[in-house]
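Engineer: have a look at this fold, sequence not included:
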C-alpha cells in the first residue's frame, strides 16, 4: 500500500503548476484569467478585491450559501454542485470530488448602515465582517474558516480572543482545522497539492484493500482431514 501511495504522490509532485483562478470583478475577466490571462500591476487591487466578493468558479457575485474548499478559495455552493453534477470541474478544483470536500461558511453580515460600497459596476458590497473583532472581510485582513463548523473569523480574533472564538464555534478552537481564506498563491498551491496527495494516498489504500479482499475470497477453503 505504502509504495503505491507514494507513487501516486510522486506523480502529483511532478505534475503541472496550475494555480487556479483567483476571481475577477466581472465574469468576462474571470474567464480570461482561467484561459491564462495575467493581470497587470494596476489590476491587482481590483482582482484581490474580487477574490473576496466573487465566486472563483464562474465569476458571479458571491451569494449565500457560500463555501470554501480546503485551499481557502470561495465559491457559490450552487456553482460547485452544478460543476460536480455536470462533471466539468476545472483542473484547479480537482481536489474537490464531492460536496463533502467543501465547507459551507457561516459569515457574519455587516450592519446595513456601515456596509462598504465598491466601484464594482454590479454594485457588489463588502458585506461581511469578523463576528468577534468587527474587521471587514475584504482581503485587507487575514481570515480563517473554522472546520467543521464553518464559522469565519479573523486571525486577530484567533490570536487575541481565542476564548470568544471557542465559544462561537462550540469548542476549543485549537482542536479545529483552520482554513486560511484566499491565501497567497504560493501557499494555495501547496495546500492544493497536499489535498491531492492525501486523496491519492486514500485511493491507493482502498485499491490495495480491495485487491487483498478479492485474493482472500479466491483462495480455496481448506477441508478437514
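Structural biologist: Good, I have the coordinates. These numbers come from a predicted model, not from an experiment.

Engineer: could I get the full set of strands for this structure?
Structural biologist: 66-69, 74-76, 102-104, 108-109, 116-117, 125-126, 128-129, 143-147, 152-154, 177-180 (DSSP state E).

Engineer: mind showing which ranges of the chain have poor pLDDT?
Structural biologist: Applying pLDDT under 70 to the chain flags residues 1-42, 114-126, 216-219, 221-225.

Engineer: ranges for the helices of it?
Structural biologist: Along the chain, counting by DSSP state H, helices occupy 2-13, 27-34, 44-51, 77-86, 155-160, 162-169, 185-218.

Engineer: same list, these, but as a markdown table with distance to residue 63 and mean neighbour count please.
Structural biologist: Bear in mind the C-beta positions are built from the backbone N, C-alpha and C, glycine included. Listed next are the helices of the chain as a markdown table, based on distance: least, C-beta to C-beta, whole Å; neighbours: other C-beta atoms under 10 Å:
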| stretch | distance to residue 63 | mean neighbour count |
| --- | --- | --- |
| helix 2-13 | 33 | 14 |
| helix 27-34 | 14 | 17 |
| helix 44-51 | 14 | 18 |
| helix 77-86 | 8 | 15 |
| helix 155-160 | 24 | 17 |
| helix 162-169 | 23 | 16 |
| helix 185-218 | 23 | 14 |
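
Engineer: related to what we said a few turns ago, now distance to residue 213 and mean neighbour count too, for the strands of the chain, in a markdown table please.
Structural biologist: Shown next, in a markdown table, are the strands of the chain (distance: least, C-beta to C-beta, whole Å; neighbours: other C-beta under 10 Å):
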| stretch | distance to residue 213 | mean neighbour count |
| --- | --- | --- |
| strand 66-69 | 32 | 23 |
| strand 74-76 | 37 | 23 |
| strand 102-104 | 31 | 20 |
| strand 108-109 | 48 | 14 |
| strand 116-117 | 57 | 10 |
| strand 125-126 | 53 | 17 |
| strand 128-129 | 48 | 23 |
| strand 143-147 | 32 | 24 |
| strand 152-154 | 42 | 25 |
| strand 177-180 | 32 | 16 |
